[in-house]
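Peer 1: Sequence and predicted structure are below.
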Amino acid sequence: IKSKKQFPTSRLIQIIRASIRENEDNLVEKKNNQNSIKKCFVADVDKQLILYNVKEYLGRQIVNDLSHRLKIYHYDIIGYLHHHKYIVCSKEEYMEQLLGSGIIIQYIPLQENVKYNLKKLEKSTHVTKLSFLAINLGSEIQSIRQQLQDIEIKVISDRHGVAFVNDDNKLAVAKKLAQIGVVYHIESGKNAKTQAHFARKVIWQGGGEHQEPKTINTSLGWANGQNEIITIGDTGLDYNHCMFVGGVPPRLLLEDESLDLSNWESDSRVISYIAVKEWISSFRYVMTDYEDNPDGHGSHVMGIAAGDFSQCSDDLSNSIAPLSKILVFDFGAPSDDPSNLIVPENLHNVLETSYSSGSRIFSASWGMNDAEYTMTSLQMDEFVHDHDDYVILVANGNTGTDGYYSVGSPATAKNIISVGASLGSHESFLHM
């Protein structure tokens, strides 16, 4: 028996699963012959089921598992909203059966008023675009354009689109979008703001009032960033500062496609300085300028992460990872408000460019002061799911004193590490 090649157990399981799925496919095809119409709903999925699946794998694995288990009901999960709610498409009689299965607690039809937050949109000002998600956007885009007539639309991905609007027509366009059956989510484009107040003191000195200053031991090789590339998107970088010495970094421009940096070579500590070009209307775009703004937020957070203070004359503690290299994305907006950022609508292009460079860390010390699960949250979740060796760190925000729901997007994403300060006011630091 030992001389015979054993049949792998994993292969046997694959065959059994394939057989089960084939039978399920036949059952689905048979059920599809019925005359009832498939509709989309907002379904509240049982929290315990979600928590059970989280033990196996975070992210869309949950969705994949649910989709497979409920395939016999022709139940398709289109997208995640928040608080265990999903956009699902099925036939209404199947949805009724699922209520008794313990998987779905309740469901409501995906009506126009569910697709966007009217009150928030009414209060929003300086709105230039509406981001939306649609089923099979690539094949439906012509129909959507015809229904919106003179409104310019830009396709971001196979389900993500942008309609360019203004404060005068935003409500009318949102209403028209919501009336289109394949559109299932709409949100106004929000400006990201810089975050991370007081972060450096908390990181370096630790503890609360009257405690002795603490520093991080960077004598261990793995703790100093050696052979690592940290990607940071922020207001820009003052690469002439002593903590970033190493020459002028190569300049690149990110437009509508990701950049391939897999064969990129640079002797600079800043391996590349990438500006972004983002359309804010059908005929107008803004582009960042390869410089930090006067507020210096980008240089501040990049100094915390990777600045080499040994090159400076002042007696300063070093950064977290002084031997690491940096890939810079300049999101600094040409604005009177230095805290405003231009975060690309297609964040996937930023993350894909970062990944191709060999970087496996992305740091975002910015966000929206809105505790929603946004397009940016969604894109971060999906990228980390598809690249499970990549880590994204996001600032929780500067509004913790507001209490509940003060964590802003994209720190609302599920597959990222959100970071908040343990001390929340200037007075907290007086005795450190």
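Peer 2: Nice, I can see it. Residues are numbered from 1 along each chain as shown.
Peer 1: tell me the contacts of the residue nearest to Q179 when sequence neighbours are not counted?
Peer 2: Nearest in space to Q179, with sequence neighbours left out and distances taken as Cβ to Cβ, 6 or more residues apart in numbering, is E112 at 6.1 Å. Glycine gets a C-beta too; all of them are placed from N, C-alpha and C. Taking Cβ atoms under 8 Å, 6 or more residues apart in numbering as the contact definition, E112 lies against K175, A178, Q179.
Peer 1: For the second one, which non-adjacent residue is spatially closest?
Peer 2: Leaving aside its sequence neighbours, A178 sits nearest to E112 (Cβ to Cβ, 6+ apart; 3.9 Å).
Peer 1: how close does G307 get to L121?
Peer 2: Separation of G307 from L121 (Cβ to Cβ, to the nearest Å): 41 Å.
Peer 1: and if you look at I144?
Peer 2: Relative to L121, I144 is positioned 19 Å away (criterion: Cβ to Cβ).
Peer 1: Among these two, which residue is more densely surrounded?
Peer 2: I144 (21 against 17; other Cβ atoms under 10 Å).
Peer 1: Helix, strand, or coil at W264?
Peer 2: In three-state terms, and counting by DSSP: H, G, I helix; E, B strand; the rest coil, W264 is coil.
Peer 1: Distance check, it against I156.
Peer 2: Using Cβ to Cβ, one gets 25 Å for the distance from W264 to I156.
Peer 1: again with D330
Peer 2: If you go by Cβ to Cβ, the gap between D330 and I156 works out to 20 Å.
Peer 1: So those two - more neighbours on which side?
Peer 2: Here D330 and I156 are set side by side on neighbour count (other Cβ under 10 Å), and the busier one is D330, at 27 against 21.
Peer 1: what pairs with the more buried one across the strands?
Peer 2: Legend: beta-bridge partners of D330 under DSSP bridges are D234, A275.
Peer 1: now the most centrally placed residue in the chain, nearest residue through space, not along the chain?
Peer 2: The chain has M380 as the residue nearest its centroid, 2.6 Å off, counting by Cα atoms, centre = their mean. In this structure, M380 finds its nearest non-sequential neighbour in A413, 4.5 Å apart by Cβ to Cβ, 6+ apart.
Peer 1: For that neighbour, list the residues it contacts.
Peer 2: For A413, the residues meeting the contact criterion (Cβ under 8 Å, 6+ apart) are Y373, T376, S377, L378, M380, D381, I392, V394.
Peer 1: what would these look like in TSV with pLDDT and secondary structure?
Peer 2: TSV is the format used below for those (pLDDT from 0 to 100; DSSP: H, G, I helix; E, B strand; the rest coil):
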residue	pLDDT	secondary structure
Y373	86	coil
T376	91	helix
S377	90	helix
L378	89	helix
M380	93	helix
D381	90	helix
I392	96	strand
V394	93	strand
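Peer 1: Of those residues, which pair is most distant in space?
Peer 2: Taking Cβ to Cβ as the measure, the contacts of A413 reach their widest spread between Y373 and I392, a distance of 15.0 Å.
Peer 1: So which of the two has more stuff around it?
Peer 2: Neighbours around Y373 and I392, counted as other Cβ under 10 Å, are more numerous at I392. The numbers are 23 against 20.
Peer 1: State the helix or strand in which V301 lies.
Peer 2: helix 297-306 (DSSP states H and E).
Peer 1: what's in contact with that helix?
Peer 2: Around helix 297-306, the neighbours that count as contacts under Cβ under 8 Å, 6+ apart are 194, 196, 199-200, 203, 225, 230, 232, 234-238, 241, 243-244, 269, 292, 309, 319-322, 324-326, 328, 330, 332, 338-339, 363, 365.
Peer 1: Just give me the neighbour total for the closest residue to N191 other than its chain neighbours.
Peer 2: For N191, ignoring the flanking residues on the chain, the nearest one in space by Cβ to Cβ, 6+ apart is N340 at 5.2 Å. Taking other Cβ under 10 Å as the criterion, the count of residues near N340 is 18.
Peer 1: wait, what's in contact with N340?
Peer 2: N191, A192, K193, A333.
Peer 1: per-residue pLDDT, it?
Peer 2: As summarised for this prediction, N340 has a pLDDT of 82.
Peer 1: And N53, by the same measure?
Peer 2: The pLDDT attached to N53 in the predicted structure is 41.
Peer 1: what do you get for D46?
Peer 2: In this prediction, D46 carries a pLDDT score of 64.
Peer 1: residue ranges with poor pLDDT in the stretch 251-400 of the chain?
Peer 2: The stretch 251-400 of the chain contains residues with pLDDT under 70 at 314-317, 335-338, 398-400.
Peer 1: helix/strand/coil for V343?
Peer 2: coil.
Peer 1: Then L393?
Peer 2: Going by three-state DSSP, the secondary structure assigned to L393 is strand.
Peer 1: Please look at it and W366 and confirm they touch.
Peer 2: No: counting by Cβ atoms under 8 Å, no contact exists between L393 and W366, whose distance comes to 11.5 Å.
Peer 1: the more surrounded of these two?
Peer 2: Taking other Cβ under 10 Å, L393 and W366 do not tie; W366 has more neighbours (28 against 17).
Peer 1: Ramachandran angles for that one?
Peer 2: In terms of degrees, to the nearest 10, the main-chain angles of W366 are phi -160, psi 170.
Peer 1: what sits against it?
Peer 2: Shown here is W366, whose contacts under the criterion Cβ under 8 Å, 6+ apart are A192, K193, T194, Q195, G233, D234, F331, L341, V343, A395.
Peer 1: V183 too?
Peer 2: Per Cβ under 8 Å, 6+ apart, neighbours of V183: K115, F132, L133, A134, I144, L177.
Peer 1: What segments of this structure are helices?
Peer 2: Secondary structure of the chain by DSSP state H: the helices cover 9-32, 47-54, 61-69, 92-99, 112-115, 118-123, 137-148, 170-178, 199-205, 297-306, 347-356, 375-386.
Peer 1: starting at the chain centroid, how far to the fourth one?
Peer 2: Read that as helix 92-99. For helix 92-99, the separation from the chain centroid amounts to 32 Å (computed by Cα atoms, centre = their mean, to the nearest Å).
Peer 1: next one: stretch 342-354
Peer 2: Counting by Cα atoms, centre = their mean, stretch 342-354 comes out at 9 Å from the chain centroid.
Peer 1: residues in contact with that stretch?
Peer 2: Counting contacts by Cβ under 8 Å, 6+ apart, the residues touching stretch 342-354 from outside are 129, 131, 156-157, 160, 162, 189, 192, 231, 233, 254, 256-261, 274, 276, 278, 286, 288, 327, 329, 331-333, 362, 366, 375-376, 379-380, 382-383, 387, 390, 392.
Peer 1: could you redo the last one with a cut-off of 7 Å?
Peer 2: Outside of stretch 342-354, the residues within contact range by Cβ atoms under 7 Å, 6 or more residues apart in numbering are 131, 156, 162, 192, 231, 233, 254, 257-259, 261, 276, 278, 286, 288, 327, 329, 331, 333, 362, 376, 379-380, 383.
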